[in-house]
Structure formats: structure tokens, C-alpha cells
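*Asks:* Provided below are the primary sequence and the corresponding predicted coordinates.
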Amino acid sequence: MRARWLRPTSANPHKAAVIAIHDIFGYTDDIERIAQRLADNGYPVLVPDLYDLPGSKALCVVKTLKAHETGKGQAFEQLEACRHWLLAQDEEPVEQIGVMGFCMGGRFAVLYASQAPVQVVAPFYGGIPKKAEKLKGICPAVGGWGRQDLIYGDHGERLANHLDKLGVPHDVKTYEDIGHSYMNDHQTFTFKKLGPLPPLRSKFDAGASEDSWRRVLVFFEKVFSGEIQAGE
């Protein structure tokens, strides 16, 4: 599996790294931009290409999307390989791991964080299971959704309710006047011209994006420093 490894100029003092999970468009310049921002804030970042599987590209995408729906499969093995690699590599000191994901990657992040011993998860506008029990074992979470997204717009509130039920600390916000993919800024015709159309209404929003980045970085710092712990 291909993965991009970004190292910060000055690493955070908490020996914490982040796995950044791409959206349905796969590994793009946009997920690299997002990963670079994490690195600029002191986090070593590993960005896996979940579509990098044996076989044709189309088959790889199908396998990944199946795992996305079922919550099991090779994509989760890929994410677990990333976690093990981060803990084993000797270029950066890593003892804690966060997961951040967008759209498809947001759902992967939530499901993986319910299965693996990671410290914090940051999902954005991904699909959330209907039952809280599916997320039993999840770590503290920070994320965001856009209300104008007609498919996933209420999933942020669903996640917040699940986390309340499970007693897990969280900062999950739903932005009223925006849609899907508001943190992604893909420079493609498809995203810019067709994305804003219903039902997803996908469009980059600088204001909501910056507010989300602020919340993520504050929440990450609180978790990795021990100020927020699971079960609080």
C-alpha cells in the first residue's frame, strides 16, 4: 500500500501522530494539503491510499467501498498497518495516534476508532451507523457536518447523541448553512461545478473550515496532553 509520510519541522511534545484518510476521490492534492496543515502544527502524518490494492483500480474502489459499508475488510487492515507502522518507525517519536477522515474517510475514521486503540478521532461529514452500539469502544471525537447536505446532514447530531449515550467526550458541530465536503477544496471541474448540486451540496467553505481546524487542533491538544480522556 502506498502512503505519504509527512514529518513536522518541530514535532509536538506529546509524541502524537495522525493518520489522515482521504475522501471518495482517493489520494489527491487536497488530502496532501490537509496532511501538510497537520504537519505544520507539529504532527507527523501518514496518509494511506486505501485504493492501492491488488487488482484493477475499479475493483480496488469497489472493495474499499464495500468495507466502508460493512465496517470490515481490507481497508481496516490497511489502517491497522498504518497504526503499527507509526508506532514502529524510528524517524519520529510516536506513542499516541489520532485519526482524521473526510466524507468516505470520515466513516472509516469513526469505525476504525471503534475497533483500534487510538486516542482521538476527527470525522467530517461521513456516514454514522444508526445504533450507538456499533461505536462501542470509540475514543474522544471532534468533527463537523453541514446541515444542507441532504444525505449526511443530520449524521453529526447522530454521532453526538451516540457519544453522549456512550459517555465519550466530544466536540461535534453541525454548520447550518453549508453542505458536504466543506473542508475539501478539490480543484476539479466535477467538484466545483457538480458538487454544489443537491443532494450533497458539496462545496469548500473557508469559514466553516477554519472553525473546524481551530476545534480539531484544540481538541487534539487536550486529548494528547491528557486533559481529556476517554470516559470523562
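*Replies:* Looks like it came in fine. Please read all numbers here as calculations on a predicted model, not as lab measurements.
*Asks:* The residue nearest to Val142 when sequence neighbours are not counted: neighbouring residues, count only.
*Replies:* Closest residue to Val142 in three dimensions, ignoring its sequence neighbours and counting by C-beta to C-beta, 6 or more residues apart in numbering: Phe219, at 3.8 Å. Heads up, the C-betas are built off the backbone N, CA and C, glycines and all. Using other C-beta atoms under 10 Å as the criterion, Phe219 is surrounded by 22 other residues.
*Asks:* Work out which residue lies at the spatial centre of the protein.
*Replies:* Computing the C-alpha centroid of the chain and ranking residues by C-alpha atoms, centre = their mean puts Gly101 first, at 1.6 Å.
*Asks:* So that residue: helix, strand or coil?
*Replies:* Assigned by DSSP: H, G, I helix; E, B strand; the rest coil, the conformation of Gly101 is strand.
*Asks:* For it, give its distance to Ala16.
*Replies:* As defined by C-beta to C-beta, to the nearest Å, Gly101 lies at a distance of 17 Å from Ala16.
*Asks:* The residue nearest to Val142: what's it in contact with?
*Replies:* In this structure, Phe219 makes contact with 120, 122, 140, 142, 171, 228, judged by C-beta atoms under 8 Å, 6 or more residues apart in numbering.
*Asks:* Any chance of JSON lines for these, columns pLDDT, neighbour count and secondary structure?
*Replies:* Converted to JSON lines, those look like this (pLDDT from 0 to 100; neighbours: other C-beta atoms under 10 Å; DSSP: H, G, I helix; E, B strand; the rest coil):
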{"residue": "Val120", "pLDDT": "98", "neighbour count": "25", "secondary structure": "strand"}
{"residue": "Ala122", "pLDDT": "98", "neighbour count": "30", "secondary structure": "strand"}
{"residue": "Pro140", "pLDDT": "98", "neighbour count": "24", "secondary structure": "coil"}
{"residue": "Val142", "pLDDT": "98", "neighbour count": "26", "secondary structure": "strand"}
{"residue": "Asp171", "pLDDT": "98", "neighbour count": "19", "secondary structure": "strand"}
{"residue": "Ile228", "pLDDT": "96", "neighbour count": "20", "secondary structure": "coil"}
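*Asks:* can you list contacts of the helix or strand bottoming out on mean pLDDT in the chain?
*Replies:* Of all regular secondary-structure elements in the chain, judged by mean pLDDT, DSSP states H and E, the least confident is helix 57-70 with a mean of 74. Helix 57-70 is contacted by residues 24, 26, 50-55, 73-76, 104, 107-108 when judged by C-beta under 8 Å, 6+ apart.
*Asks:* Show me the helices in the protein, by range?
*Replies:* For the chain, the helices defined by DSSP state H occupy 29-40, 57-70, 74-88, 104-113, 155-166, 189, 206-224.
*Asks:* picking up where we left off before, is the residue nearest to the centre of the chain bridged to anything, and to what?
*Replies:* Partner residues in beta bridges with Gly101: Ile21, Pro123, with DSSP bridges as the criterion.
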